[in-house]
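Asker: Give the three-dimensional model of this entry:
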Amino acid sequence: MARMETSEDVRTASHDLTDKAVDAGLSAVDSLERTAANIQDAGERLIAKGTELGDNMQKVARNFSTAVDKSVSEQPLTTLGMAIAAGFILGAIWKA
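Answerer: Got it, this is the predicted structure:
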């Protein structure tokens, strides 16, 4: 009789352990799926921000180009002096 109870206890413990392992596995899969979804959402937001940044940089470059063209045509010597000063400053920074 003791063997039967022990055998039943082992079987019950085995089923309990199997159920707990399955539950842990399902929980891990759910966690990984949520993490993957969060990473995908973050990646999509990052791509959108990068696109927005690129568009803004193009606008700034066009505005800068227009300003330089206007400055060169209206005040060529002043523009040349500013370019020389900027080159000197950049050269000093580069050397340091």
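
Asker: give me the low-pLDDT residue ranges for this structure?
Answerer: Applying pLDDT under 70 to the chain picks out residues 1-5.

Asker: Show me where it has its helices.
Answerer: Shown for the chain, the helices assigned by DSSP state H span residues 2-74, 76-95.

Asker: Just the buried positions in the shortest one, please.
Answerer: To tie it back to what came earlier, the one meant is helix 76-95. Thr79 (16 or more other C-beta atoms under 10 Å). Heads up, the C-betas are built off the backbone N, CA and C, glycines and all.

Asker: any idea of the angle it forms with helix 2-74?
Answerer: 140 degrees (axes from the mean of the first three to the mean of the last three C-alpha atoms, to 10 degrees).

Asker: for helix 76-95, packing partners?
Answerer: Helix 76-95 makes packing contacts with helix 2-74 when contacts are defined by 3 or more C-beta pairs under 8 Å, 6 or more residues apart in numbering; DSSP states H and E.

Asker: helices and strands around the helix it packs on, which ones?
Answerer: Partner elements for helix 2-74 (3+ C-beta pairs under 8 Å, 6+ apart): helix 76-95.

Asker: Name the residues that touch the helix it packs on?
Answerer: Contacts to helix 76-95, defined as C-beta atoms under 8 Å, 6 or more residues apart in numbering, come from residues Val68, Ser71, Val72.

Asker: Can you get me a residue count around the first one?
Answerer: Other residues within reach of Val68, judged by other C-beta atoms under 10 Å, total 13.

Asker: Please tell me how far Ile84 sits from Leu90.
Answerer: Using C-beta to C-beta, to the nearest Å, Ile84 is found at 11 Å from Leu90.

Asker: ok, now Gln75?
Answerer: Counting by C-beta to C-beta, the gap from Gln75 to Leu90 is 21 Å.

Asker: now do Ala83
Answerer: 11 Å.

Asker: Likewise for Leu17?
Answerer: Distance from Leu17 to Leu90, by C-beta to C-beta: 69 Å.

Asker: and if you look at Ser73?
Answerer: Distance, Ser73 to Leu90, using C-beta to C-beta: 24 Å.

Asker: How about Asp41?
Answerer: 41 Å.

Asker: again with Ala37
Answerer: 46 Å.
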